[in-house]
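S.K.: Next come a sequence and a model predicted from it.
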Amino acid sequence: MEGICVDYYLVKLLHVGCVVLSISLFILRGSLELFAQAWRQSRLLRVAPHVIDTVLLSSAVWMAWRIGQYPFVNAWLTAKVLALLAYILLGMKALGKSTPASQKLVYFVAALFSVGYIVGVALTRSPSWGML
Ligand code: HEM
């Protein structure tokens, strides 16, 4: 790719590293929540996701700027941002203290589907995963 050099690949590596950590921590917190474990007592589990997600989003914004492709201009990035909003809202519901226990699994699975969709969009650079 012309004009894309080592700094871009390092930031992309950082982005993907944060993606792996972010999804792993969400699965861990969601599972502990489903099994009614008191994970909020762990400072690490409460704070780390915020730090990781901030780095994840900052690297996303930087890469978008660097390749000159933007949400609400390029469809795949629009899809990523909208699905990210869905992931955040569904994730909040899945982990929320006021969500009835019987609904937590549904929100958890739905959140995993939205983040899975985002990974598919990222890999194909297409909102339909290249199927349309
Ligand atoms: C939870 C949210 C997100 C996940 C799971 C995610 C996932 C990924 C993955 C797996 C890649 C690597 C793709 C590859 O190897 O080719 C990637 C790249 C990228 N992501 Fe994200 N991402 C997220 C949020 C965002 C957001 C909100 C933006 C919007 C600005 C964004 C912009 C980018 C860009 C510009 C690349 C580089 C694409 C390339 O060079 O091929 N990401 N993302």
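M.R.: Structure's in. What do you need?
S.K.: quick check: mean pLDDT across the lengthiest helix in the chain?
M.R.: Counting residues, the longest helix in the chain under DSSP state H turns out to be helix 6-34. The pLDDT scores in helix 6-34 average 98.
S.K.: is any part of that helix close to the ligand?
M.R.: Yes. With C-beta under 6 Å from any ligand atom as the criterion, the ligand is reached by helix 6-34 at 12, 15-16, 19. From N, CA and C alone the C-beta is placed, and that goes for glycine too.
S.K.: Show me what the helix or strand that that helix is followed by is packed against.
M.R.: Going down the chain from helix 6-34, the next helix or strand is helix 43-67, by DSSP states H and E. In terms of contacts (3 or more C-beta pairs under 8 Å, 6 or more residues apart in numbering; DSSP states H and E), helix 43-67 is packed against helix 6-34.
S.K.: confidence score at the residue nearest to W129 when sequence neighbours are not counted?
M.R.: The shortest distance from W129 to any non-neighbouring residue, by C-beta to C-beta, 6 or more residues apart in numbering, is to G120 (4.6 Å). With respect to pLDDT, G120 has a value of 98.
S.K.: What is the burial count for G120?
M.R.: 17 (other C-beta atoms under 10 Å).
S.K.: do you know how far it is from P71?
M.R.: Counting by C-beta to C-beta, to the nearest Å, the gap from G120 to P71 is 17 Å.
S.K.: shaky segments in the chain?
M.R.: By pLDDT under 70, the weakly predicted segments of the chain are 1-3.
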